[in-house]
Structures are given as structure tokens and as C-alpha cells.
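Predicted model, plus sequence, below.
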Amino acid sequence: MFTLPRGATGLFRPKDGPLPETGTRAIRAALYAAARAARGRVGGMEEGEYPRSFHIATVVEGAGERVVLCHAHHPWIALARERRDWYTDAFLAPPPWARIFTDLGLTVRDRVQLTLPLSEVDTSVLTRDEWRPVRLHGITTLGGVLFNAWD
């Protein structure tokens, strides 16, 4: 069972102190290394700003493009087909070049894990303030909790 750590939703209470951060320098280095492994290029990177819980980038390979989601508070990577403000189940299986992220200390989350129903996730760390947008937006998957833009 996946256990959500503090900061997984991107929401926090000031009294609990700041959330951990995934350094964008490390993410950029991993992106460029992954793009080289894909024999492609980085199409761009946009740092996540509140309320979005993730940074978003693209890796262009040939005529195709994959969207790379990088969680802002934990070293998690997910892949998607298109850019969105938040994700629930539109995740892709990681391509072979995604192992570069793991080699560089990031964890690539696969589609199976990201589409886990919340009933199969340990959500005990979530506060009432975090549950509110989960319920309001009808989020039912792990990926929906991790890669969001709630306000």
C-alpha cells in the first residue's frame, strides 16, 4: 500500500511549517539527461507555482512529445500525453529512457500506481483542509491527489 507523506497534495498549513521541495536544478539535469537518452530534446520546463503541485516539462522525441510531471515537494516523476492543470488518470507507462530519472535519484511513478483508487492508499496523513478539495473535485486516484492545481 502506498502511504502518502506530508506535502503530497501540495497544500499545507503555515503552522506545520514549509513543505519539502524537489530542487528544480536536479529536475532540469535529469530532464536533459532523459532527453539525450530518448535521442530527443527538452521542449521546455515550467516551474510549478501555487496552487499547482508539480513542475511540467516536455521531452520531444522525433515527431512525438511526452509531458513530464515533476512533483514540487517529493522526487516523483510521472508521464502524460498532454498538458493539463491537474491529472486524475491520463498517465502514460514510462518509456525506457525514463530510467534516467531513477538513476539520478528521482522516482518514476507508473500508470498502474498513479491510477490506484484512494481506497488502496494510506491517506491518514491528509488533513481536513486537504480532504476538502479532494472531495470537491471528485478525486478518486493517487495521481489525482499528487498532480493537482487546487486552490
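Looks like it came in fine.

in the protein, which segments are predicted with low confidence?
In the predicted model of the chain, no residue satisfies pLDDT under 70.

Kindly list the longest helix within it.
The longest helix of the chain (DSSP state H) is helix 24-37.

Can you list the neighbours in contact with it?
Here helix 24-37 makes contact (Cβ atoms under 8 Å, 6 or more residues apart in numbering) with 41-42, 45, 47, 55, 57, 59-61, 68, 70, 75, 77, 96-101, 104-106. All C-beta spots, glycine's among them, are computed from the backbone N, C-alpha and C.

And the strands in the protein?
Counting by DSSP state E, the chain forms strands over residues 2-3, 41-46, 54-61, 64-71, 76-80, 91-92, 107-108, 121-122, given from the N-terminal end onward.

Quick one: buried ones out of the contacts of helix 24-37?
Neighbour counting by 16 or more other Cβ atoms under 10 Å classes 42, 45, 55, 57, 59, 61, 68, 70, 75, 77, 97-98, 100-101, 104, 106 among the contacts of helix 24-37 as buried.

Could you identify the most distant pair in those?
The most widely separated members of the buried ones among the contacts of helix 24-37, counting by Cβ to Cβ, are Glu61 and Pro75 (23.0 Å).

Distance to Ala29 for the strands of the chain - can I get that in TSV?
As requested, those are arranged in TSV below (distance: least, Cβ to Cβ, whole Å):
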stretch	distance to Ala29
strand 2-3	26
strand 41-46	11
strand 54-61	12
strand 64-71	12
strand 76-80	13
strand 91-92	22
strand 107-108	15
strand 121-122	30
